[in-house]
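> Test case, fold it:
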Amino acid sequence: MPVGSLIAIYFVLWWLCLFLVLPFGVRTQSDTGEVVRGTEAGAPRRSGMLVKLVVNSVLTALVMAVALWVLSNPLLQEYWR
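Below you'll find the model as predicted:
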């Protein structure tokens, strides 16, 4: 598989996994009882984006590894012929 295709697949999988990872660990301002004046009570207190981006990248690498294994598996290639 060409490198450009692998990068494109990783990019798409990265964004799909990001939407799975984003909601985990979110504590809103109303949950903590510390609503800052002028903000929405449902806004996150701390987003933790750096941790989520790292977790997302690792998760995407695992999903990509499984996808590449499935695509290169001789048994499945024989089945698809």
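> Now do stretch 21-30, average pLDDT.
If you average the pLDDT over stretch 21-30, you get 88.
> Might you calculate how far that stretch sits from the centre of the chain?
15 Å (C-alpha atoms, centre = their mean, to the nearest Å).
> How about stretch 10-23?
For stretch 10-23, the distance to the chain centre is 3 Å (C-alpha atoms, centre = their mean).
> again with stretch 63-79
With C-alpha atoms, centre = their mean, you get 21 Å for stretch 63-79.
> In it, which residues are buried?
For stretch 63-79, the neighbour count (16 or more other C-beta atoms under 10 Å) marks Val63, Met64 as buried. In this view, the C-beta of every residue, glycine as well, is placed from N, C-alpha and C.
> what is the mean pLDDT for that stretch?
Stretch 63-79 comes out at a mean pLDDT of 87.
> would you put the C-alpha positions of that stretch in CSV?
Coordinates of each C-alpha in stretch 63-79 appear next as CSV, following Å, rounded to 0.1, in the frame of the first residue of the first chain:
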residue,chain,number,x,y,z
VAL,A,63,-6.8,0.6,15.1
MET,A,64,-4.5,1.2,12.2
ALA,A,65,-2.3,-1.8,13.1
VAL,A,66,-5.4,-4.1,13.2
ALA,A,67,-6.6,-2.7,9.9
LEU,A,68,-3.3,-3.3,8.3
TRP,A,69,-3.2,-6.9,9.7
VAL,A,70,-6.6,-7.6,8.4
LEU,A,71,-5.7,-6.2,4.9
SER,A,72,-2.5,-8.2,4.8
ASN,A,73,-3.8,-11.5,6.2
PRO,A,74,-3.3,-14.3,3.6
LEU,A,75,-6.4,-16.1,4.7
LEU,A,76,-8.6,-13.1,4.2
GLN,A,77,-6.9,-12.2,0.9
GLU,A,78,-7.7,-15.7,-0.3
TYR,A,79,-11.3,-15.4,0.8
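> from here on, count from 40
Yes, from this point I'll number from 40; that puts the last item at stretch 102-118.
> what does that stretch rub up against?
Met40, Leu45, Ile48, Tyr49, Leu52, Cys56 (C-beta atoms under 8 Å, 6 or more residues apart in numbering).
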